[in-house]
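**Student:** Here is my input; please provide its structure:
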Amino acid sequence: MALGLGLAPAALAALTAREIYREGNLLSSGLAVLLPVLAQLYLHEGKAKRVVSALTGLAAGCAVTLLWLTLHGELSSFALLTVVLVALIVPIALDLVLLDAGTRVPVSLAAARSATIAFAASVIPFTALLVGVEHREIVRGDQALIREVARHVEIYKNWIVFERIDPKRKAQLKNRVAVRAMGKTYQLSSAHFESVSEERTVRKRTEKRGARRITEVSRERAEQMRVVVDLGEARRLDNIVVFSTRGPLTIAEHEVELPGNESDDEPVS
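**Tutor:** Below is the predicted model of the structure:
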């Protein structure tokens with residue numbers, strides 16, 4: 001029992017760390033999982049009870065995080081709040097249910113210590129293995145993301161404007177990507193995101209017996225996104241560096257040479 005109590009949360013924590021690393025929002029997501037666990041260590045009396053509650057809360061919080069990332073691909077503010085509440089409430093609710101049913105199973109201090117050792121001995125190797133394997137895929141994915149962002153860049157007065165970006169990339173850009181220009185770093189999480197619609201019409205022209213006829217074959221509407229980074233003041237830029245990060249670690253970067261003449265016109269939505 002003690003071994004399972006330590007290994008199950010360790011496996012869930014390792015899987016969650018991999019998914020959070022992939023998503024890119026390490027600080028907020030990590031705190032949402034860890035803070036309730038630390039709180040459990042102070043909410044209960046008795047060392048054994050504290051250990052069991054902390055491991056149970058960690059497992060519950062990790063399970064909700066994995067479910068949310070599987071369904072939505074990112075953790076919104078509401079999702080983070082949900083993770084915190086579940087990790088806090090589940091151990092308390094489980095304890096109350098067992099107490100009310102009269103089937104409460106006492107956990108000895110020795111069993112709690114064994115569970116702690118099993119967790120500590122397994123969570124780091126599990127996490128290192130999963131994150132290490134995922135890192136190679138993340139590097140390839142971020143390189144493709146950076147190339148897409150850096151493909152269409154223009155300067156408008158004191159703005160850097162990235163055009164023709166897939167709207168599905170918005171969460172990835174906010175969580176992972178930044179721009180370095182003139183020694184300063186600008187996070188895309190603080191950038192302005194705009195929706196841009198483009199409509200394409202395909203027409204067929206036919207000529208029969210001297211009479212021309214134009215027929216509309218198809219009409220397509222494409223949704224794209226524009227990202228505007230405010231530099232704060234007008235600057236003459238020769239190049240910028242677009243890069244992706246995970247916490248303090250730079251994953252991929254790409255230097256972009258900018259056109260010699262900047263436009264004075266504002267981008268049109």
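**Student:** hey, where'd the strands end up in the protein?
**Tutor:** For the chain, applying DSSP state E gives strands covering 153-156, 159-165, 177-181, 184-187, 192-208, 211-230, 239-246, 249-257.
**Student:** Just put the ones you listed in TSV and tack on mean pLDDT and mean neighbour count.
**Tutor:** To be clear about C-beta, it is placed using only N, CA and C from the backbone, and glycine gets the same treatment. Formatted as TSV, the strands of the chain follow (pLDDT from 0 to 100; neighbours: other C-beta atoms under 10 Å):
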stretch	mean pLDDT	mean neighbour count
strand 153-156	85	17
strand 159-165	90	19
strand 177-181	91	21
strand 184-187	90	13
strand 192-208	74	10
strand 211-230	74	12
strand 239-246	91	20
strand 249-257	90	15
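**Student:** who wins for proximity to Arg147 among those?
**Tutor:** strand 249-257 (6.4 Å; C-beta to C-beta).
**Student:** circling back: now the strands of the chain as JSON lines including distance to Leu26?
**Tutor:** Converted to JSON lines, those look like this (distance: least, C-beta to C-beta, whole Å):
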{"stretch": "strand 153-156", "distance to Leu26": "27"}
{"stretch": "strand 159-165", "distance to Leu26": "23"}
{"stretch": "strand 177-181", "distance to Leu26": "14"}
{"stretch": "strand 184-187", "distance to Leu26": "14"}
{"stretch": "strand 192-208", "distance to Leu26": "21"}
{"stretch": "strand 211-230", "distance to Leu26": "21"}
{"stretch": "strand 239-246", "distance to Leu26": "6"}
{"stretch": "strand 249-257", "distance to Leu26": "9"}
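**Student:** nearest to Gly24, of the ones you listed?
**Tutor:** Nearest of the strands of the chain to Gly24, taken as C-beta to C-beta: strand 239-246 at 6.1 Å.
**Student:** From the contact counts, what lies against that closest one?
**Tutor:** Judged by 3 or more C-beta pairs under 8 Å, 6 or more residues apart in numbering; DSSP states H and E, strand 239-246 is in contact with helix 109-150, helix 170-176, strand 177-181, strand 249-257.
**Student:** That strand vs strand 249-257, what angle?
**Tutor:** Counting by axes from the mean of the first three to the mean of the last three C-alpha atoms, to 10 degrees, strand 239-246 points 160 degrees away from the direction of strand 249-257.
**Student:** Give the partner strands of strand 239-246 in its sheet and their orientations.
**Tutor:** Using DSSP bridges, the strands paired with strand 239-246 are strand 177-181 (antiparallel), strand 249-257 (antiparallel).
**Student:** Among those strands, which comes closest to Ala14?
**Tutor:** Of the strands paired with strand 239-246, nearest to Ala14 by C-beta to C-beta is strand 249-257, at 18.4 Å.
**Student:** Check the offset of the closest one from the chain's centre.
**Tutor:** 18 Å (C-alpha atoms, centre = their mean, to the nearest Å).
**Student:** angle of it against helix 109-150?
**Tutor:** Interaxial angle of strand 249-257 relative to helix 109-150 (the same axes, to 10 degrees): 0 degrees.
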